[in-house]
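**Q** just a sequence and a predicted model for now, questions to come.
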Amino acid sequence: MNFAKGQHKKSLLTSILVFVAALLFVLLIVVKFKDEPLEPSPKNKIQSSDIVDGIHQPTGLKDDEGMMAVVTHCTGCHSAQLVIQNRMNRERWNATIRWMQETQNLWDLGENQELIVDYLVKNYPVSEKGRRAQLQDIEWYELTIN
């Protein structure tokens, strides 16, 4: 019985020491870095080499006013390719943003919403053409199973 009490005390003491060590480590990190400014995320820094032939290479988005707002507010949750393939008019983009805010926890974009929608409507307008042209003048043949 005494052995069990002794083990329990050692285990409790070990847990306390580990907790205190972790707390001191976190405190050391906070004190060391408290006065250093936070760097913006590297994906939000555009280098001149990131733009080739008018295309932002990391995302595939067209370089234009509002592109970085799209990168900042949209590509944190999904790829830029998802944005590019959904070609909508202004009304549908605003409705989609409202839907994301109501159901997907998208934050209030404030004045950035107009900038983002302007960018999308201008650079990725609604397309009447589908993914491919309809097949025409095709000579079909019958498959036979042996």
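**A** Alright, I've got the coordinates. Numbers count the residues shown, from 1 in each chain.
**Q** strands along the chain, start to end?
**A** Ranges of strands in the chain, per DSSP state E, are 51-52, 55-56.
**Q** any idea how far the first one is from the chain center?
**A** I take that to be strand 51-52. 21 Å (CA atoms, centre = their mean, to the nearest Å).
**Q** over to the last one?
**A** In this view, strand 55-56 has its centroid 17 Å away from the chain centroid, taken as CA atoms, centre = their mean.
**Q** circling back: if you compare the strands of the chain, which one is most tucked away?
**A** Mean neighbours per residue, mean count of other CB atoms under 10 Å, is largest over those for strand 55-56, with a mean of 16. Where you see a C-beta, it was placed from the backbone N, CA and C, and this is true even at glycine.
**Q** helices along the chain, start to end?
**A** All helices of the chain, identified by DSSP state H, fall at 2-33, 67-74, 80-85, 90-103, 112-123.
**Q** kindly reformat the ones you listed as TSV containing distance to residue 144, mean neighbour count and mean pLDDT.
**A** Formatted as TSV, the helices of the chain follow (distance: least, CB to CB, whole Å; neighbours: other CB atoms under 10 Å; pLDDT from 0 to 100):
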stretch	distance to residue 144	mean neighbour count	mean pLDDT
helix 2-33	71	10	73
helix 67-74	50	20	94
helix 80-85	38	14	92
helix 90-103	46	14	96
helix 112-123	49	18	97
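**Q** give me the domain ranges for the protein.
**A** Listed by automatic domain parsing, the domain ranges of the chain are 1-39, 51-123.
**Q** could those domains go into JSON lines alongside distance to residue 135?
**A** Below are the domains of the chain laid out as JSON lines (distance: least, CB to CB, whole Å):
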{"stretch": "domain 1-39", "distance to residue 135": "52"}
{"stretch": "domain 51-123", "distance to residue 135": "22"}
